[in-house]
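Asks: I would like the atomic coordinates for the input below:
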Amino acid sequence: MISLHRANFLSNKPGVPGQSNGLTRFQSRGPAVVRVAVGPSKGRSGENGTVLTEEVKEGASSAIDLNDKSTVSGGGVEDVYGEDSATEDQLVTPWSLSVASGYSLLRDPHHNKGLAFTEKERDAHYLQGLLPPAVVPQQLQVKKMMNNIRQYQVPLQKYMAMMDLQERNERLFYRLLIDNVEELLPVVYTPTVGEACQKYGSIFRQPQGLFISLKEKGRVLEVLKNWPERHIQVIVVTDGERILGLGDLGCQGMGIPVGKLALYTALGGIRPSSCLPVTIDVGTNNKALLKDEFYIGLRQKRATGQEYAELMHEFMTAVKQIYGEKVLVQFEDFANHNAFDLLAKYGSTHLVFNDDIQGTASVVLSGLISAQKLVGKSLADQTYLFLGAGEAGTGIAELIALEISKQTNTPVEEARKKIWLVDSKGLIVNGRKESLQHFKKPWAHEHEPVTGLLNAVKTLKPTVLIGSSGVGRTFTKDVVEAMATFNERPIILALSNPTSQSECTAEEAYTWSKGRAIFASGSPFDPVEYGGRTFTSGQANNAYIFPGFGLGLIISGAIRVHDDMLLAASEALAAQVTEEHFAKGLLYPPFRDIRKISAHIAAKVAAKAYELGLATRLPQPENLVKYAESCMYSPAYRSYR
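Replies: Okay, the predicted model is just below:
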């Protein structure tokens, strides 16, 4: 038994060619996908019903046999399963047939164009009367949407408006984001996405991405097959335990993979249909969320140990089985104790990348490479002090050491001696080595114990101060003034997100250093007026790196990630900083050029993959930059036949 989800393309009226009461076949002239779902005739679950899905290529037509009984009655859809007459405790079958044409086309975000449908398209796809008469080009739609979004005073309202647009008109969403990236990046990602994750249960409207919980343990492959797309190239996955600087948000961390993949498409040109956001829900230790009536995840304490490891391993195995060797899995916002282990465990068997460890490291290293021109010193001539020794801090430190080792042709162990880390217990030194977590041990140098950041600054006299602690306002006035006493141009990077967790603001850094600091942050800050000058700070945002990095892996068909690829990405980003940018004190190029920047990063990463023998797409294109640009997704509307 087949019912029509929406019968807007059929008519019982006599005299309409090809359409009659005794309709046995219909012709879909729609642009997109026909989905046929055939269920049990009595409308009961568990009666061996099967779901058949047939995908029709864009522009193609299809003919599907229906039974002799017309499903159209009185201009509406006949209740063939008796849903209207069933009591609330009786089971009904919701399976139906839907065609991407007419009313359903307007509710298909992948193909909907809203008022941009032309007169010809409206006639061909049964849209007449379903839209106002005006035909509006995409450019004017963008102008209208930006006007609407700017009316909102609360950033979370802007975020919700953007998410609603993504669910309504995908191409318009990406056109809006690409054309207004500097204004909208803080809306769809940091810092606003942090608040969105905190309130995700309250603002939840439409599910985005795939939720895999402990309840699905043992059948993760089956759950992955529920996702409608089969050609997935990038997966961003989180378990929600360490969302930005906000801690354990459990299932509500889904906002991070969704936001990251929006940037993969807008900034790196990865097709939206190739992107899959995933949240692994193993519970949460956030007591407030467990008591929140609107919380959308498992209401239990977070699983650990073998139970956690088995679910993650099942997920990683299933991903490779269904999507192949070349699917990129990006780990996002896992807690330290899992992040390093997962990267080490799967780095040799899967194409994996941890943005918090490797992406952050790459973008910060790029800023430091740029800073060499402003301070007149090489990387090896600097002394580095970190506040924070977690996955971000140690990841940045290791990549700096690798770059110094490469530039000076010295062992990486020697390069590490230029880098010092402070954690919650003080300076990491040899005397603490036995009690340190394994990822901190390479940074334990010979030195007397030092407690507190200010004492460490005064003792070591670093030229570069980097904050990755996730604790706000820890670069105090005393700390910044101390940095300025023994550095003509102190380099201060306050990287923690969101804005409330930043170690200091741009205004504080410039004011307390009397305008001499070279400053960059993880979250954006407005320009600062000081001493008659305007200072524009850079944003060490991972969005500079990961979209182009992922694109480079995809266009080369890379099967593994290598540290040299990260170094190549850092150098490629630094190469995009011009003298004009340096004159403004910027360590990074402006985001408005991000698609061009991503193409250059992709080309360098792909070239390194070919050089290392990790690329599978052969032969290598002659011009990798042009090839990368040619592979980028365009959100321009397609014309439908």
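Asks: which strands and helices sit next to the biggest strand by length in the chain?
Replies: For the chain, the longest strand by residue count, based on DSSP state E, is strand 275-281. Packing partners of strand 275-281 (3 or more CB pairs under 8 Å, 6 or more residues apart in numbering; DSSP states H and E): strand 210-213, strand 234-238, helix 255-268, helix 305-323. (Each C-beta comes from the backbone N, C-alpha and C, glycine too.)
Asks: how about CSV for the ones you listed, with mean neighbour count added?
Replies: As requested, the helices and strands packed on strand 275-281 are exported to CSV (neighbours: other CB atoms under 10 Å):
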stretch, mean neighbour count
strand 210-213, 20
strand 234-238, 27
helix 255-268, 27
helix 305-323, 16
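Asks: so S104, which state does it fall into?
Replies: Here S104 takes the helix state, with states given by DSSP: H, G, I helix; E, B strand; the rest coil.
Asks: quick one: it from H125, how far?
Replies: 10 Å (CB to CB, to the nearest Å).
Asks: and the two? which has more neighbours close in?
Replies: H125 (25 against 21; other CB atoms under 10 Å).
Asks: which residue, other than its chain neighbours, is closest to that one?
Replies: S101 (4.9 Å; CB to CB, 6 or more residues apart in numbering).
Asks: follow-up on the earlier one: who does the longest strand of the chain pair up with?
Replies: Strands that pair with strand 275-281, judged by DSSP bridges, come out as strand 210-213 (parallel), strand 234-238 (parallel).
Asks: in whichever helix or strand comes after that strand, what counts as buried?
Replies: For strand 275-281, the succeeding helix or strand toward the C-terminus, using DSSP states H and E, is helix 287-291. By 16 or more other CB atoms under 10 Å, the buried positions in helix 287-291 come out as L289, L290.
Asks: tell me the helices and strands packed up against helix 287-291.
Replies: Checking 3+ CB pairs under 8 Å, 6+ apart, helix 287-291 ends up next to no helix or strand.
Asks: show me how far that helix is from its chain's centre.
Replies: 26 Å (CA atoms, centre = their mean, to the nearest Å).
Asks: quick one: contacts of the longest strand of the chain?
Replies: Strand 275-281 has contacts (CB atoms under 8 Å, 6 or more residues apart in numbering) with 208-214, 227, 229, 232-240, 250-251, 253-254, 257-258, 260-261, 264-265, 297-298, 311-312, 315.
Asks: in TSV: the strands paired with strand 275-281, plus distance to L172 and mean pLDDT.
Replies: Listed next are the strands paired with strand 275-281 as TSV, based on distance: least, CB to CB, whole Å; pLDDT from 0 to 100:
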stretch	distance to L172	mean pLDDT
strand 210-213	24	97
strand 234-238	22	98
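Asks: include distance to P133 when you put those strands into JSON lines, please.
Replies: What follows is the strands paired with strand 275-281, written out as JSON lines (distance: least, CB to CB, whole Å):
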{"stretch": "strand 210-213", "distance to P133": "40"}
{"stretch": "strand 234-238", "distance to P133": "40"}
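Asks: so which of those comes closest to L156?
Replies: Proximity to L156, assessed across those by CB to CB, is greatest for strand 234-238 (19.9 Å).
Asks: at the geometric centre of this structure, which residue do we find?
Replies: K260 (0.9 Å; CA atoms, centre = their mean).
Asks: that one against Q330, yeah?
Replies: Yes - between K260 and Q330 there is a contact under CB atoms under 8 Å: 7.0 Å.
Asks: need the overlap of contacts for these two.
Replies: By CB under 8 Å, 6+ apart, K260 and Q330 have these common neighbours: V236, D355, F546.
Asks: before we move on, back to that, tell me the contacts of the residue nearest to the centre of the chain?
Replies: By CB under 8 Å, 6+ apart, the neighbours of K260 are Y189, V236, P277, Q330, E332, D355, F546.
Asks: ok, the closest residue to the second one other than its chain neighbours to V278 distance?
Replies: Residue nearest to V236 in three dimensions, not counting chain neighbours: P257, with 4.0 Å by CB to CB, 6+ apart. Distance, P257 to V278, using CB to CB: 6 Å.
Asks: overlap of the contact sets of these two?
Replies: With CB under 8 Å, 6+ apart as the test, P257 and V278 both reach G209, V236, V237, T238.
Asks: for the third one, name its beta-bridge partners.
Replies: It stands for V237. Counting by DSSP bridges, V237 forms beta bridges with V278, F331.
Asks: hang on, isn't it packed against V329?
Replies: Yes - between V237 and V329 there is a contact under CB under 8 Å: 6.3 Å.
Asks: where does the prediction get shaky in the protein?
Replies: 1-88, 90-100 (pLDDT under 70).
Asks: any idea how it splits into domains?
Replies: The chain is divided into the following domains under the TED database: 102-188, 191-354, 376-540, 544-631.
Asks: make CSV from these and add distance to I369 to it.
Replies: Converted to CSV, the domains of the chain look like this (distance: least, CB to CB, whole Å):
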stretch, distance to I369
domain 102-188, 23
domain 191-354, 20
domain 376-540, 7
domain 544-631, 4
